[in-house]
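>>> okay, here's the prediction I keep looking at, along with the sequence it came from:
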Amino acid sequence: MTPLERATRVLEDEIRRQCTTGEASLECVDDCDKYLMARAVLCAIRESSEAMVDAGEAVAVRPFVAAGRFTPETWQAMIDAALEEQP
């Protein structure tokens, strides 16, 4: 499953949860293209913040491997930092 497919599934689950708890209405949710919504979210977080860069650099010392590639831990640290940032 690709990150975009995972994002789509999680978005659908969250919409369903909010409709079940009454936090959202089902009026237009079924008509929405969740894949395009998830893609929009990924596009929105494509540019990293300073906190994300700092988190990635802090972890990058360990995961940098022979091919010069980051391991999943680097990306996860960057996303964790993004989730912790306040608007």
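Received, thanks. Numbering: from 1, shown residues only.
>>> hey, let's count contacts and neighbours off CA atoms from now on
OK.
>>> hmm, Ser49 is touching Ala82, no?
Yes: judged on Cα atoms under 8 Å, Ser49 makes contact with Ala82 at a distance of 7.2 Å.
>>> between those two, who's got more neighbours?
Using other Cα atoms under 10 Å as the criterion, Ser49 and Ala82 rank with Ala82 on top: 18 against 15.
>>> residues in contact with the more buried one?
Applying Cα atoms under 8 Å, 6 or more residues apart in numbering, one finds that Ala82 lies in contact with 48-49, 51-52.
>>> quickly find the element holding it.
Assessed by DSSP states H and E, Ala82 sits inside helix 72-84.
>>> for that helix, buried residues please.
Judged by neighbour count using 16 or more other Cα atoms under 10 Å, the buried positions of helix 72-84 are 74-75, 77-79, 81-82.
>>> kindly report the same for stretch 47-55.
Residues of stretch 47-55 classed as buried by neighbour count (16+ other Cα under 10 Å): 51-53, 55.
>>> same check, this time on stretch 2-21
Buried residues in stretch 2-21, defined by neighbour count with 16+ other Cα under 10 Å: 4, 7-8, 11-12, 15-16.
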